[in-house]
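Engineer: coords below, sequence missing:
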């Protein structure tokens, strides 16, 4: 059974399954298909550093090749944690630094559950933005107690709320200090968003490795900041192309893990990822969401998912969520609950003519490498070793 990749990239898609069922391997296979057949460009927010240079494997091998080893000249690896990449012997192309001035109130709203922020506290962020503009985050962190009191008196803001917000944002800044930079003090040499867009525009696929920064708070912050700006650029490009003042942007697929944290009922209407899912292919941007808890995703967003590739699920709520709006859902419930724990999935939706259970292929074995048009294993391994040696010279 083959996915119709043309139709697959037209809509946002989901890969679901409980932990250990092979979601990451399925995602790699789908991404390889998109890259090999040049159906779209990919931006992968790689939470656990599984897609770029190499990934882990449960079995008789230590690791499997990542997308960079399969498509060396067509994949660019960005990293938030280059030290982690070097320890793993991974080849990277760019180190990502994000200036304070790129943080918006929307980015903080997305973190409200992780930071335990109240609606009153979030309103304070807008007051800070109105006062300080794009330097609001930097200026706020530097406020002393007198400055906080003056700001509260001037803007009719609750002092307890703003003090609590300042404490939590200082913790956020401290936890992200290796990649979140105060650009009122330090210069950020390379704009990560411009570098990513440059690669995507040239037809290259971008993997952003998080290394040791894989905690949900940091992952959500970085993914939201970068996606918001990249989506804005894609909207501009699409509108210029409609006015015949520029080329149409390439089809872009953005892969996110732990999707329920971005797309739950509370945040989906405020998240850039919720916006992308609802827009379908309007601006040539779609999502590939990978999650073990589809029931945590807003039902409206799930209804926009074109193709669902679902591994074994045991939780009744998760099964109900995946099958919402699907014809013959009662019949498919038993199918989902009886799937093997690995290498089996139910595929349904836009990219297949009918729901079908598939035995998934093995990723990174000799047959898979041959199907990707790669060199025999011995020659490929030699090129990899040469590339690593060059990277560390």
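Structural biologist: Right, received. Where do you want to start? Source: prediction; values computed, not measured.

Engineer: what's the burial count for the residue lying closest to residue 207 once chain neighbours are set aside?
Structural biologist: Closest residue to residue 207 apart from its sequence neighbours, by CB to CB, 6 or more residues apart in numbering: residue 52 at 4.1 Å. Any C-beta I mention is one placed from the backbone N, CA and C, and that applies to glycine too. Applying other CB atoms under 10 Å, we find 27 other residues in the vicinity of residue 52.

Engineer: got it, and the one 5 residues further on?
Structural biologist: For residue 57, the neighbour count with other CB under 10 Å is 14.

Engineer: gap between it and residue 28?
Structural biologist: Using CB to CB, to the nearest Å, residue 57 is found at 11 Å from residue 28.

Engineer: mutual contacts of those two, please.
Structural biologist: residue 64 (CB atoms under 8 Å, 6 or more residues apart in numbering).

Engineer: picking up where we left off before, does the residue nearest to residue 207 touch residue 69 like I think?
Structural biologist: No - look at residue 52 against residue 69 with CB atoms under 8 Å: they stay out of range, at 9.1 Å.

Engineer: what's the domain layout of the chain?
Structural biologist: Here the domain parsing of the chain from automatic domain parsing is 5-97+190-361, 103-181.

Engineer: name the stretch among the ones you listed that sits most buried.
Structural biologist: domain 5-97+190-361 (a mean of 19; mean count of other CB atoms under 10 Å).

Engineer: and the end-to-end length of it?
Structural biologist: 16 Å (CA to CA, to the nearest Å).

Engineer: what mean pLDDT does that domain get?
Structural biologist: For domain 5-97+190-361, mean pLDDT is 93.

Engineer: circling back: OK, contacts around the residue nearest to residue 207?
Structural biologist: Here residue 52 is in contact with 46, 66-68, 75, 77, 79, 90, 92, 207, 209 (criterion: CB under 8 Å, 6+ apart).

Engineer: and which of those is nearest to residue 353?
Structural biologist: residue 67 (28.3 Å; CB to CB).

Engineer: now do the host helix or strand of residue 166: which elements does it pack against?
Structural biologist: Taking DSSP states H and E as the criterion, residue 166 maps to helix 159-175. The contact analysis (3 or more CB pairs under 8 Å, 6 or more residues apart in numbering; DSSP states H and E) places helix 159-175 against helix 112-115, helix 119-132, helix 136-141, helix 145-155, helix 216-242.

Engineer: any chance of those helices in a markdown table, with distance to residue 312 too?
Structural biologist: Output for these, formatted as a markdown table (distance: least, CB to CB, whole Å):
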| stretch | distance to residue 312 |
| --- | --- |
| helix 112-115 | 28 |
| helix 119-132 | 38 |
| helix 136-141 | 43 |
| helix 145-155 | 52 |
| helix 216-242 | 24 |
